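Novice: Need coordinates for the following:
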Amino acid sequence: MAGSDYMAAVALVISFLSFGVSFYFGFRDQVHLRATSKLYNGGEDFGPPYIMVRVVNHGRRVAILTMFGGELDNGAWIGTCMGKDGRGIRLAEHEYHVEKVSLEDLQEFAVPDEKTHEYTELWFEDSLGKRHPVRHSRRNIQKLKKG
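Specialist: You can find the predicted model right below:
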């Protein structure tokens, strides 16, 4: 193998490494929201049980949460605008937001069929319209309903 072949091989390895590093930092430079839920059983001293929903921005870009909502048992969805005047909540890198959901919050009155429907799953929506499902929300809602 001649010297120019070694140089070409080294240049190829360096270009693959450069591509890998660029891909990693490009992927990391996006919004990555992680929403989780945890059921807290209140007890006598702490009030009624509730679900604590927490959303964290693990990405490097600022995320703007515009809506908190969920799927209903009839297949429809309902959401509530977040922030002052519905303008959203800004989450910078590693910032979080917490919502407390009680049993009364899980029931919604649907106008078209005039029945009360319950949430089956929760999610957050960002300013780009992407919905981020809340992890374990379905399971925790069912546990909260059982008491």
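Novice: alpha carbons only for contacts and neighbour counts from here, please
Specialist: Fine.
Novice: which parts of the longest strand anywhere in the chain are buried?
Specialist: Of all the segments assigned as strand in the chain under DSSP state E, the longest by residue count is strand 115-126. Applying a neighbour-count criterion of 16 or more other C-alpha atoms under 10 Å, the buried positions in strand 115-126 are 117-126.
Novice: same deal with stretch 25-40?
Specialist: Of the residues in stretch 25-40, 31-39 count as buried by neighbour count, 16+ other C-alpha under 10 Å.
Novice: What residues does the closest residue to Tyr119 other than its chain neighbours make contact with?
Specialist: Nearest non-adjacent residue to Tyr119, counting by C-alpha to C-alpha, 6 or more residues apart in numbering: Leu72, 4.4 Å away. Contacts for Leu72 were tallied using C-alpha atoms under 8 Å, 6 or more residues apart in numbering; they are 78, 117-121.
Novice: Nearest to Val98, out of those residues: which one, please.
Specialist: Ranking those by separation from Val98, with C-alpha to C-alpha as the measure, puts Glu121 on top at 16.5 Å.
Novice: Can you tell me how far that closest one is from Gly83?
Specialist: As judged by C-alpha to C-alpha, to the nearest Å, Glu121 and Gly83 stand 21 Å apart.
Novice: now do Ile89
Specialist: As for Ile89, its distance to Gly83 is 5 Å (criterion: C-alpha to C-alpha).
Novice: tell me, what's touching these two both at once?
Specialist: Any residue near both Ile89 and Gly83 by C-alpha under 8 Å, 6+ apart counts here, and that gives Thr66.
Novice: The two - which one has more neighbours?
Specialist: Each of Ile89 and Gly83 had its neighbours counted (other C-alpha atoms under 10 Å), and the higher figure belongs to Ile89 (18 against 14).
Novice: Can you name the two of the contacts of Leu72 that sit furthest apart?
Specialist: The two members of these with the most space between them (C-alpha to C-alpha) are His117 and Glu121, at 12.3 Å.
Novice: rewinding a little: mind giving me the packing neighbours of the longest strand of the chain?
Specialist: strand 63-72, strand 107-110, strand 131-135, helix 137-146 (3 or more C-alpha pairs under 8 Å, 6 or more residues apart in numbering; DSSP states H and E).
Novice: Could you tell me the angle between the first one and strand 131-135?
Specialist: Think strand 63-72. 70 degrees (axes from the mean of the first three to the mean of the last three C-alpha atoms, to 10 degrees).
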